[in-house]
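[1] Provided below for reference: sequence and predicted model.
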Amino acid sequence: MSRLMALVVKEFLSLLKDPRSRFVVIGPPIIQLIVFGYAATFDVTDVALVVYNESQDGAARELVSRFTGSPHFQLVGTVDHDEEMARYIDQGDALMALHIGPDFRRQLQQRGSADVQILVDGRQSNTALIVLGYAGAIVEGFNREWIAREGGVRAPARLQVRAWYNPNMQSRWFIVPGITGLLTLVVTMLVTALSVAREREQGTFDQLLVTPYRPWEILIGKALPGFVIGVIEASFIVAVAILWFRIPFVGSAVTLYLGIVLFVLAAIGVGLSISSLAVTQQQALLGAFLFLVPSIILSGFATPIANMARPVQYLTYLNPLRYFEVILRRVFLEGTPTQLLWPQFWPLIVIAAVTLTTATFMFRRRSAAT
Amino acid sequence: MSGSMRKRVMRMRGLIRKEFLQVLRDPSALGIAFILPAVLLLLFGYGVSLDAKSVPLAIVVEQPTAETTSFCGKFEQSRYFVPHHYRSLHEAVEAMRRGEVDGIVHLRADFGEQLRRPRPAEIQVILNGVDANTARIVSGYVQNVFVLWASEYLRTSGTQIAVPVRIEQRVWFNANVRSRNFLVPGVIAVIMTLIGALLTALLMAREWERGTMEALIVTPVSIAEILLGKMLPYFLLGMGGLLLSTFMAITVFDVPLRGSATVLIGSSALFLLAALGMGLFISSVARIQFVAAQIAIITTFLPAFILSGFIFDIRSMPRPIQWITHIIPARYYVSILQTVFLAGDVGPIVWPNVAVLALMAAFFLVATRRVTRKRLD
């Protein structure tokens, strides 16, 4: 037992003795959590709006004032030419243009229905969709009041939309718990992916193998620092998400920690497998990146897995972060109980078991070869 | 004078030859330049999308009538939904808790009667708001299907609906509001960042760690020449990767390229120089692969992913975060790419961004040179 302790202490020391590597394990995740937590949002505010109103009608003016008075929009200019309006959109100075034609009044009085033109910059299609949604809601509000005042055919029914678990539909509630998974993965991978490869390149791994340590003891020695750092880091990020970003946490801490522990084990398994398969540090680093980059982008962190092409969706089943993101968000916001999250837990257990076994096997095979 | 000049050129030629051979003999470098961009672009191009389609939606009909049938039919026809039918709200809520459906549309038992009353009937829509962005998109889809049904319902019951103000919407540069059109150019920026900064940081840190960099520095070759020799092969590989990515973006993903190839290639070259410079700088400062790797992933890949405008719109970020994005080279490149691909060569967007990229490239190259020299003293 004390033998194992000595090994674990050695691994911790080799990781944390260099002040630079100590800093990069602790410092950046804190800064990134804060910066990314604020930066990563799909909510659109202060939409730059340009108005081109050719109608002198009172109704047109009322419609314009509904836009300019809305908290979602910010008027950046009024124009009186098509080209000028186009220039605002082209150059990115305005995201949306509202154009009311000269015969707005006539159309409204004669046909009871008038068209207004809305131009949106589609370069960021998601933003464009949200802006169209805002514009639609404002026009709908205008129409409802207009019918109530001037008469007309009412809609036969009305939608009453409510969003559960996130009533104001703030994307930050979705993104910040997701960052927990992202940063935990980065830190654990960086800590574990080099641990074996570095020693192998320096030749100290062979020395370790000729000691009486069994492969599983070496595995524990290599895995424990990553595990401790990963779990502490995840806990810290969860605390910041709750206390600083005020993300509601309605689930149980036990379920969350079950997820954290299983995920960190799976991440360590992947890291150590890469590390023990690699011959040089360079290969280990490349391997770690080639795993990290796709697993972050295809985790459902930013863009939903349901939107991906089918073959890519199948590929994500191999990605431990995919399961952890679901666990984080559902425990945080929905308070999903452990048994409903079982479909997320068992793949993590399988990934952890397979990768940790592979890593141990690779130590032994390499040791038999030398 | 001309003799020393000739010597210089010869020296430089030898150095460049050495660096090229070193890169070409390492199959991983070629893989990084051509296979990596192709695989990543395919993976991300097909994988990264914000367009929700085939959304599993629970439709609760407590009392089937002709009206509920026509209502459900509209959802069946929509390509955005995969309806699941339930007879009670309770069952639908259970399905949502299990994660089987993303939303519930609830028609109460008296829906048919309510329709004939003067007050509008109420249709309850419950969305799973965890993924707020998807919830908002789904809410818009439900609204569209509902409007379609409502105007048809009024028409069949003999009333002509006249909406006072109708929106005639046009989305410029991306008429079908396809998220892939703006995400694929962003993916190119992420891939170029990976090739430029990440890999150079790693490869160069290895040279420092092994001492081969010091071995080069003691030769009569100047530091600027060494850096140039190191950069050139990666620069060419990176540009090769860019051409491949652009070709795939246009042919595989149908992203229009409305701007000119000159602007695209010119700005990419500048960005690649900035990224290479950043990678060289990181490796010269860190000199240990472990630290270089961490700094590189923290300062290049993650910001290029989150702070560049690739997925998350910079205009939506709080002001202080918007300032921070100004130190990320990828931000300028993503902005150029999205404009050049979708809108064309819009001077007022392209030139300021190009100028900043040129400044950044110059800054990192000069800084690398200075750091390298200082370490030698």
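    The structure has been received and is ready for your questions.
[2] Tell me which residues touch B:I16, please.
    Contacts for B:I16 (C-beta atoms under 8 Å, 6 or more residues apart in numbering or on different chains) come out as B:228-229, B:232-233. For glycine as for every other residue, the C-beta is placed from the backbone atoms N, C-alpha and C.
[3] quick one: it from B:M278, how far?
    Distance of B:I16 to B:M278, computed by C-beta to C-beta, to the nearest Å: 22 Å.
[4] repeat for A:S273
    As judged by C-beta to C-beta, A:S273 and B:M278 stand 30 Å apart.
[5] which one of those two has more residues nearby?
    Between A:S273 and B:M278, counting by other C-beta atoms under 10 Å in any protein chain shown, B:M278 is the more crowded of the two (28 against 24).
[6] and after the helix or strand of chain B with the lowest mean pLDDT, which helix or strand comes next?
    Across the helices and strands of chain B, mean confidence by mean pLDDT, DSSP states H and E is lowest for helix B:27-30: a mean of 68. Helices and strands here follow DSSP states H and E; after helix B:27-30, the next one along the chain is helix B:36-47.
[7] and that next one, is it in reach of chain A?
    Yes - applying C-beta under 8 Å from any C-beta of the partner chain, one finds helix B:36-47 touching chain A at B:36, B:40, B:43-44, B:46-47.
[8] what's next to that helix, contact-wise?
    For helix B:36-47, the surrounding residues in contact (C-beta under 8 Å, 6+ apart) are A:290, A:293-294, A:297-298, A:303, A:308-309, A:311-312, A:315-316, B:180, B:183-184, B:187-188, B:190-191, B:194-195, B:241-242, B:244-245, B:248-249, B:252-253.
[9] do that again at 6 Å, thanks
    Under the contact criterion C-beta atoms under 6 Å, 6 or more residues apart in numbering or on different chains, helix B:36-47 has outside partners A:294, A:297-298, A:308-309, A:312, B:184, B:187, B:191, B:241, B:244-245, B:248, B:253.
[10] Drop anything exposed from these.
    Buried residues within those, counting neighbours by 16 or more other C-beta atoms under 10 Å in any protein chain shown: A:294, A:297-298, A:308, A:312, B:184, B:187, B:191, B:241, B:244-245, B:248, B:253.
[11] Next to chain B, which bits of the stretch 151-300 of chain A? Give me the list.
    Contact residues (C-beta under 6 Å from any C-beta of the partner chain) of the stretch 151-300 of chain A with chain B: A:153, A:155-166, A:169-171, A:174, A:190, A:194, A:281-282, A:285, A:294, A:297-298.
[12] Next, work out how far apart A:G69 and A:T78 are.
    Applying C-beta to C-beta, the value for A:G69 to A:T78 is 15 Å.
[13] So between these two, which is more surrounded?
    Neighbour count, other C-beta under 10 Å: between A:G69 and A:T78, A:T78 has more, with 15 against 10.
[14] nearest residue to that one other than its sequence neighbours?
    In this structure, A:T78 finds its nearest non-sequential neighbour in A:V51, 4.9 Å apart by C-beta to C-beta, 6 or more residues apart in numbering or on different chains.
[15] residues in contact with whichever strand or helix holds that neighbour?
    Applying DSSP H and E as the criterion places A:V51 in strand A:47-53. For strand A:47-53, contacts defined as C-beta under 6 Å, 6+ apart pick out A:60, A:64, A:72-79, A:85, A:88, A:94-100, A:131.
[16] List the neighbouring strands of that strand plus their orientation.
    Paired neighbours of strand A:47-53 in the sheet (DSSP bridges): strand A:73-78 (parallel), strand A:96-100 (parallel).
[17] could you point out which element follows it?
    Next in line after strand A:47-53, if elements are assigned by DSSP H and E, sits helix A:58-69.
[18] could you point out where the stretch 1-150 of chain A is predicted with low confidence?
    Residue ranges of the stretch 1-150 of chain A with pLDDT under 70: A:1, A:20-21, A:24.
[19] Which residue ranges of it form helices?
    Ranges of helices in the stretch 1-150 of chain A, per DSSP state H, counting those that start in this stretch, are A:2-16, A:19-39, A:58-69, A:82-90, A:104-110, A:125-150.
[20] other SSEs contacting the first one?
    Translated: helix A:2-16. Packed against helix A:2-16 by the contact rule (3 or more C-beta pairs under 6 Å, 6 or more residues apart in numbering or on different chains; DSSP states H and E) you find helix A:215-243.
[21] mean confidence for the helix it packs on?
    Helix A:215-243 carries an average pLDDT of 89.
[22] elements contacting that helix?
    helix A:2-16, helix A:19-39, helix A:172-193, helix A:253-277, helix A:342-369.
[23] most tightly surrounded among these?
    With neighbours defined as mean count of other C-beta atoms under 10 Å in any protein chain shown, the helices and strands packed on helix A:215-243 peak in mean count at helix A:172-193, which reaches a mean of 27.
[24] Remind me what the helix or strand just after it packs against, helices and strands.
    Downstream of helix A:172-193, the first helix or strand assigned by DSSP H and E is helix A:195-202. Applying 3+ C-beta pairs under 6 Å, 6+ apart, we find helix A:195-202 packed against helix A:253-277, helix A:281-297.
[25] so can I have TSV of the ones you listed showing mean pLDDT?
    Formatted as TSV, the helices and strands packed on helix A:195-202 follow (pLDDT from 0 to 100):
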stretch	mean pLDDT
helix A:253-277	93
helix A:281-297	84
